[in-house]
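[1] With the sequence up front, the predicted model follows.
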Amino acid sequence: MLMAVEAPLRPEVAEPRAAFASLLQVAGDYLALLKPKIILLLVVTELSAMIVAARGWPRPELLIGALLGGSMAAGGAGAVNCWFDRDIDQLMPRTRRRAIAAGRIAPAAGLAYGISVGLAGVALIAATTNVLAAALALAGGLVYVFVYTVWLKRSTTQNIVIGGAAGAFPPLVGWAAATGSLTPLAWVMFAIIFFWTPPHFWALALLLSKQYSAAKVPMLPVVAGEDRTRRSILFYTVLLSVISLVPVVWLGPIYAVSCIALDGGFLALAVRATRRQDGASAVALFHYSLAYLALLFIAAAIASAVRL
């Protein structure tokens with residue numbers, strides 16, 4: 001049987017293609033340093049808070065400046081995290097392919113990139129919205145880098161509980177960008193993410209406990225065991241369910257119904273994870289927690305807009 005054989009590319013064609021592929025790889029590596037999957041969820045919470053604060057769509061320049069700047073500020077902090085954690089990232093299958101850990105980006109270049117992107121994001125927020133929103137974005141990045149990454153992550157099982165506050169800043173940034181101030185509801189939205197973070201991340205930590213142990217990172221299941229971790233997940237899920245109902249005071253029945261339904265699912269999965277003690281229940285809880293936070297904040301935005 002005859003088989004077609006592809007002719008080799010001529011050098012003048014092959015070399016530009018290889019150069020373009022290499023450029024795409026480098027661009028992809030630098031983009032990945034910003035942790036875009038995490039940023040997407042942060043953008044949802046920031047945008048929702050802006051809509052609630054403005055009681056509708058904010059002005060386009062505020063919206064673009066706050067969301068783009070917030071993404072850059074958070075992404076820059078994520079890149080600095082990759083720089084600082086490059087040693088333990090090399091020890092974990094989940095993270096060893098990150099560009100700095102794998103040696104595709106030089107540590108100094110990754111650090112400079114993260115700082116530059118983060119500060120540019122803060123400057124963009126200041127230029128397009130206000131100084132309060134910019135200061136909050138800067139504070140969130142500093143908490144993530146210095147409180148969580150540098151101080152807590154390698155020293156205590158409470159790393160996620162305390163350091164998780166960094167991920168709760170986007171609603172404050174969005175609220176301040178839209179109004180120039182903060183209200184009790186803005187702080188409640190902050191608290192929702194704060195109490196959401198432990199059950200969300202500990203579900204992942206249950207699945208990766210051996211990797212964290214190998215890297216000597218004292219995540220709760222590594223130090224205290226799976227039983228205590230699962231009980232702690234349930235405890236924080238109950239707290240989250242209580243805190244998440246507080247915005248009903250401002251947002252009314254649409255948010256109330258959505259919140260009760262979402263909390264019911266979260267609690268059911270947390271109870272199942274506590275009873276079953278298996279990986280499948282932890283996987284289900286982790287993925288549900290991602291959808292939960294996005295849908296809860298979207299429900300808040302819709303409820304606020306409908307109440308006009």
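    Yep, that arrived. Numbers count the residues shown, from 1 in each chain.

[2] At which residues are the helices of the stretch 101-250 of the chain located?
    Here the stretch 101-250 of the chain has its helices, by DSSP state H, counting those that start in this stretch, at 107-128, 131-142, 159-163, 169-179, 184-207, 209-214, 220-223, 226-245, 248-251.

[3] for the first one, packing partners?
    Using 3 or more C-beta pairs under 8 Å, 6 or more residues apart in numbering; DSSP states H and E as the contact criterion, the neighbours of helix 107-128 among helices and strands are helix 11-33, helix 60-84, helix 131-142. In this view, the C-beta of every residue, glycine as well, is placed from N, C-alpha and C.

[4] For the helix or strand containing residue 290, buried residues please.
    Assigned by DSSP states H and E, residue 290 falls within helix 279-306. Judged by neighbour count using 16 or more other C-beta atoms under 10 Å, the buried positions of helix 279-306 are 281-282, 284-286, 288-289, 292-304.

[5] Per the annotation, how does this structure divide into domains?
    29-182, 185-212+222-308 (automatic domain parsing).

[6] moving C-terminal of the lowest-mean-pLDDT helix or strand in the chain, what's the next helix or strand?
    The weakest-scoring helix or strand in the chain, judged by mean pLDDT, DSSP states H and E, is helix 11-33 (a mean of 77). Using DSSP H and E, the helix or strand that directly follows helix 11-33 along the chain is helix 36-54.

[7] Residue 260: neighbouring residues, count only.
    When counting by other C-beta atoms under 10 Å, one arrives at 14 neighbours for residue 260.

[8] okay, the angle between the helix or strand encompassing it and helix 36-54?
    Residue 260 is part of helix 253-276, with elements assigned from DSSP H and E. In terms of direction (axes from the mean of the first three to the mean of the last three C-alpha atoms, to 10 degrees), helix 253-276 departs from helix 36-54 by 150 degrees.

[9] Contacts for helix 253-276, please.
    Residues outside helix 253-276 that contact it (C-beta atoms under 8 Å, 6 or more residues apart in numbering): 199, 203, 206, 230-231, 233-234, 237-238, 240-241, 244-245, 247-248, 281-282, 284-285, 288-289, 292, 295-296, 299-300, 302-303, 306-307.
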